[in-house]
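Trainee: need a 3D model of the following:
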Amino acid sequence: MTRILKTVLEKTETTKKGTDSYLDDILVDDSMVSASDVVEHLPRYRLIAKEPEPVEGAVFGLRLERDGTGNLVFRRGNEIPKVKDEMNKRELFSLCGKLGRGVVWCDASSIATGAVLEIGGVVVEDGTWQRKKDDYHHINVSELDAAIKGVNLALKWGQREIKIRTDSVTVAGWMNLVLTTEKRVCPKGAAEVLVKPRLGISRVLIDEFGMKIRVSEVPSGMSKADALTRVKKSWLKVKEEQDEKLEVCAASSLRAKELHGTHHLGVDRPLFLARNVSPNISREEVRRAVRACVRCESIDPAPRPHLTGELSVGEN
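Mentor: Have a look, this model is predicted:
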C-alpha cells in the first residue's frame, strides 16, 4: 500500500512536491497544493480518501504541537533527559527504560525458569534460574514465578508499561483476572496456597509502582524465553548399564523398585519418596522401573478381542 500511494502521488508535480505519505496517511503542505486537490486526484486512480483534517496531534509517531509563537513543532511523547558524562547502572537502566515500551517473555520447565526483557524490539537483558532437585512445584506455579521475575527485571530498567508474553494459558488467565479485578481468582488443586501469595505479589508491584501491564498467551515455540529453559535431551539421559537385566519392577535402584512395586504410583510420587532416602536417585532410574513393571504394562481394558456380530433375534 505504501508503494502504491507513493506512486499515485508522484503522478503530478504539485502532489509530488506538496505531499508526504506514510502507509495510508498523507501529509499535505497547503502552501504548495491544497488538500481538496489531493482528494480529487486520488479517485482518478481508484483510491478513496476521507475528508482532510487539520494536523493537530500525533503524526508519524511524534506529537505535533504549536509552540509559543504559533508555529507547528514536533515533540516526543516523553522527553529524553540529558545524558550525564558518568552514570551508574541504575541510572542507565532508568534512561533506557524511557526509550521504548518493554515486552517480557517468560517460560518455565522442569529444570529452569527464564525471562527475557525486550525494549523497542531489542533484547536488553535475560535471565535463567535453575530449579533445585527437590523443587516439586507444579509447572503453573513455576510459570507464575517466571512472570514475576520478568516484572522485576522490567522494573530495574525503569519500565512502567509492559507486555507479558507467556505460553501458559492458565497463568495468562490468572494475571488478567488480577489486572482487571473483575472477579476473584480461585485457583483449585493442591497448589492453591502457593498461587494466591504469588498473585498478591504481582498485584502489589502493579499498585506500588503504577505499572500498566497486558498479558497474552503465545505458542511455546514462539516464546523468546523458551530457549533459556531447554537443553538437549541427550544431556539428561542416564547411561544405561548394558549388563543389567531388568526383572519385574526392577530398576538400577533397589529403593525405586520397592516404592513403585508397593502401590504402582507412577513416576513422580515414587521419585519424591525415594529422594527422601537416596537424594542421588534420578528420575530416569524410576522411569525405567515403571517401564519394566509387568503389572503396569499389562493393564488393558480389553485384552481379548471379540467377534463382531448383531444383537438381534429372529422372532419374539
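Trainee: just confirm residue 213 is within a helix.
Mentor: No. Counting by DSSP: H, G, I helix; E, B strand; the rest coil, residue 213 falls outside a helix, being strand.
Trainee: share the number of residues neighbouring it, please.
Mentor: By other C-beta atoms under 10 Å, the residues close to residue 213 number 21. All C-beta atoms are positioned from the backbone trio N, CA, C, and that covers glycine.
Trainee: confidence score at it?
Mentor: The model reports residue 213 with a pLDDT of 90.
Trainee: for residue 58, same thing?
Mentor: As predicted, residue 58 sits at a pLDDT of 49.
Trainee: now residue 106
Mentor: Model confidence at residue 106 (pLDDT) stands at 94.
Trainee: now for it, how many residues are close by?
Mentor: 32.
Trainee: what packs against the host helix or strand of it?
Mentor: Counting by DSSP states H and E, the element that carries residue 106 is strand 102-108. Packing contacts for strand 102-108, counted by 3 or more C-beta pairs under 8 Å, 6 or more residues apart in numbering; DSSP states H and E, involve strand 112-119, helix 139-156, strand 161-166.
Trainee: out of the ones you listed, nearest to residue 30?
Mentor: Closest approach to residue 30 among those (C-beta to C-beta): strand 161-166, 36.1 Å.
Trainee: what mean pLDDT does the closest one have?
Mentor: What strand 161-166 shows for mean pLDDT is 92.
Trainee: got it, and stretch 181-200?
Mentor: Computed over stretch 181-200, the average pLDDT equals 80.
Trainee: what segments of the chain are helices?
Mentor: With DSSP state H, the ranges of helices along the chain come out as 2-9, 13-18, 35-41, 89-97, 139-156, 169-180, 192-209, 233-236, 254-263, 268-277, 283-291, 294-297.
Trainee: how many residues are close by the residue lying closest to residue 271 once chain neighbours are set aside?
Mentor: Once flanking residues are discounted, residue 271 sits nearest to residue 286: 4.7 Å by C-beta to C-beta, 6 or more residues apart in numbering. Residue neighbour count, defined by other C-beta under 10 Å, stands at 28 for residue 286.
Trainee: just checking, residue 286 touches residue 272?
Mentor: No. Contact between residue 286 and residue 272 fails when scored by C-beta atoms under 8 Å: they sit 9.7 Å apart.
Trainee: lowest-scoring secondary structure element of the chain by mean pLDDT?
Mentor: Lowest mean confidence among the helices and strands of the chain (mean pLDDT, DSSP states H and E): strand 57-59, at a mean of 50.
Trainee: now do the contacts for residue 229.
Mentor: 107-109, 111-114, 128 (C-beta atoms under 8 Å, 6 or more residues apart in numbering).
Trainee: if I look at the closest residue to it other than its chain neighbours, how far off is residue 85?
Mentor: The spatial neighbour of residue 229 that comes closest, neighbours along the chain excluded (C-beta to C-beta, 6+ apart), is residue 109 at 4.1 Å. According to C-beta to C-beta, to the nearest Å, residue 109 stands 44 Å off from residue 85.
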